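1. structure for this input, please:
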Amino acid sequence: MNSTQPHPKRWDLFCQVIDNFGDVGVCWRLAADLGARGHQVRLFIDDASALAWMAPHGSAGVSVHPWPRNEAPADGPGDVVIEAFGCEIPTIFVEAIARKAQGKPRSMVWINLEYLSAESYVERCHGLPSLIMSGPAAGLTRWFFYPGFTGQTGGLLREPHLSARQAAFDRRAWRARHGLADEDTAFSLFCYEPPAFKQVFIEHRFTAQWLVTPGRAAAMVRAALLPAHPDNLRFLAPVTQPAFDEMLWACDLNFVRGEDSLVRALWAGQPFVWQIYPQHDNAHHEKLDAFLDWMQAPPSLRAMHALWNELPEARSTPAVTKTMLAEWQACVQDARARLWAQNDLLTQLLGFVAEKS
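-> Residues are numbered from 1 along each chain as shown. Down below sits the predicted model:
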């Protein structure tokens, strides 16, 4: 795909919050990266509350708007309309899209930005058209754009200055500010409510310092362990996305969840354990296996993922050792190198839009 974008465009990005750290986290990173590259972005979101701490200063080129319920913007849709994670945009906005496209179907590009997966269907479905068969936009085309881990997918979000930020990061100073000595083993905890947490914590209560993120992780830890309140727990305050990245860079093992933090854990290059978003039919088990296959995870890392995600083959696992961490880090860094050789998601998305415009 052509990765150049000669003229900045107007983008409308729609996000409906299910997990208000994950959905809005991905959408905000995409919007902010677009703005940094000179585009104008309107982020329409049904719950923007997390942005108060995630991005308190906003971002150049990005404006945040409530979900349009009664009317579309007076100036109509942008040049590109994105439905994040398959959310359905309001009918009033679809009608505005149809009016703009009347007689000029290439006047805008309509994209369904899908969920991240390592499963094989992603390569088959990435970039496919979907003809709208009914409603006010009948006859128009919406395109599927799939993030992914291989060169035949849409790639992962990675802002252009990320490597420079990591190179300039002072890990020792960060750890000192958070009360960690050089020799301390630090685990970060950003999770849902894994039943295995207490077992894993007990195995490491004398060997690791735990940095617990706010929200569901903190609530789970307090319910499971307090009023005992072990000394090796640090409850963190909400932080911006760049500060969250720094936590991942500074820790020796990161427990992450969902989509956005998985991608950031990969870029961090530190050992991590991913809690995939649980689905009632256990479809997430296959998704997790596909990811671990792609990552070429060693047996010990697979075993920890099985335990953390309640996979059928899960067994009690021994405590994480420095040898294990070294093996896991080598695996993550090899995976990161493969990803770094590919174009990032936004570069690919800009090329895709240029082709369809």
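
2. all strands of the stretch 1-150 of the chain, in order?
-> 10-15, 40-45, 62-66, 80-84, 109-113, 129-131, 141-145 (DSSP state E, counting those that start in this stretch).

3. for this structure, which spans come out with low pLDDT?
-> Residues of the chain meeting the criterion pLDDT under 70: 1-6, 20, 105, 227-229.

4. tell me, what residue is most central in it?
-> In the chain, the centroid-proximal residue (CA atoms, centre = their mean) is Asp260; its distance is 1.4 Å.

5. give me the phi and psi angles of that one.
-> Main-chain dihedrals, Asp260, degrees, to the nearest 10: phi -60, psi -50.

6. scan the protein for its longest helix.
-> helix 322-340 (DSSP state H).

7. list the contacts of the helix or strand just after that one.
-> The helix or strand immediately downstream of helix 322-340 is helix 345-356, counting by DSSP states H and E. Under the criterion CB atoms under 8 Å, 6 or more residues apart in numbering, residues 1-5, 9, 30, 33-34, 37, 79-80, 106, 109, 111, 127, 143, 145, 147, 154-158, 343 lie in contact with helix 345-356. The way it works is simple: take the backbone N, C-alpha and C, and place the C-beta from them, glycine included.

8. circling back: make CSV from the strands of the stretch 1-150 of the chain and add mean neighbour count and distance to Asp289 to it.
-> CSV is the format used below for the strands of the stretch 1-150 of the chain (neighbours: other CB atoms under 10 Å; distance: least, CB to CB, whole Å):
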stretch, mean neighbour count, distance to Asp289
strand 10-15, 24, 28
strand 40-45, 23, 32
strand 62-66, 15, 36
strand 80-84, 23, 25
strand 109-113, 22, 24
strand 129-131, 10, 28
strand 141-145, 18, 23
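
9. to Leu162, which of the ones you listed lies closest?
-> With CB to CB, the closest approach to Leu162 among the strands of the stretch 1-150 of the chain belongs to strand 62-66: 18.3 Å.

10. what packs against that closest one?
-> helix 22-36, strand 40-45 (3 or more CB pairs under 8 Å, 6 or more residues apart in numbering; DSSP states H and E).

11. okay then, goodbye and thanks.
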